[in-house]
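**Student:** Provide a 3D model corresponding to the input given below.
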Amino acid sequence: MTKAEIVASVATKTGVEKIAVHAVVESFMDEVKNSLTKDENVYLRGFGSFIVKKRAEKTGRNISKNTTIIIPAHKIPSFKPAKTFVNEVKKNVK
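**Tutor:** Presented below is the predicted three-dimensional model:
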């Protein structure tokens with residue numbers, strides 16, 4: 001499902017214009033990105049959590065040059081679904 005499909009679906013279900021729904025979806029995504037950029041996690045009860053994970057420094061291999069490189073410590077965004085979300089997806093297996 002794409003962002004446009006989400007906007008269309010929410011607009012149909014709520015009766016709100018697509019332009020307004022699109023603005024809300026964009027604002028939501030901006031707020032999540034801004035929070036994660038500031039190292040703040042976002043918790044949505046019953047849906048899941050957008051969290052910042054920290055990766056330690058490690059060594060890797062550049063296989064084209066056959067050399068060892070050091071990958072610096074860094075942070076990555078991650079999503080952890082809520083238990084109810086996971087159970088909903090699990091029971092929908094065909």
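
**Student:** measure residue 4 to residue 79 for me?
**Tutor:** 21 Å (CB to CB, to the nearest Å). In short, each C-beta sits where N, CA and C put it, glycine included.

**Student:** ok, now residue 54?
**Tutor:** Residue 54 is 16 Å from residue 79, by CB to CB.

**Student:** below-threshold pLDDT in the protein: ranges please.
**Tutor:** 94 (pLDDT under 70).

**Student:** can you show me the helices along the protein?
**Tutor:** Using DSSP state H, the helices of the chain run over 3-14, 18-37, 83-90.

**Student:** now for those, which one comes closest to residue 75?
**Tutor:** Set against residue 75 and scored by CB to CB, the helices of the chain come closest in helix 18-37, at 8.6 Å.

**Student:** just the residues contacting the closest one, thanks.
**Tutor:** 3, 6-8, 10-11, 14, 41-42, 50-52, 77 (CB atoms under 8 Å, 6 or more residues apart in numbering).

**Student:** can you list the helices of the chain in a markdown table and add mean neighbour count and distance to residue 68?
**Tutor:** As requested, the helices of the chain are exported to a markdown table (neighbours: other CB atoms under 10 Å; distance: least, CB to CB, whole Å):
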| stretch | mean neighbour count | distance to residue 68 |
| --- | --- | --- |
| helix 3-14 | 13 | 41 |
| helix 18-37 | 13 | 31 |
| helix 83-90 | 11 | 39 |
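
**Student:** ok, which of the ones you listed comes nearest residue 73?
**Tutor:** Using CB to CB, those put helix 18-37 closest to residue 73, at 16.8 Å.

**Student:** export stretch 49-59 to CSV, keeping only CA atoms.
**Tutor:** Extracted in CSV, the C-alpha atoms of stretch 49-59 (Å, rounded to 0.1, in the frame of the first residue of the first chain):
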residue,chain,number,x,y,z
SER,A,49,7.0,2.0,18.5
PHE,A,50,9.3,3.9,16.2
ILE,A,51,12.7,3.6,18.0
VAL,A,52,16.3,4.6,17.5
LYS,A,53,18.7,1.7,17.6
LYS,A,54,22.4,2.2,18.3
ARG,A,55,24.9,0.2,16.3
ALA,A,56,28.4,-0.3,17.7
GLU,A,57,31.6,0.2,15.7
LYS,A,58,32.6,-2.9,13.8
THR,A,59,35.0,-4.1,11.2
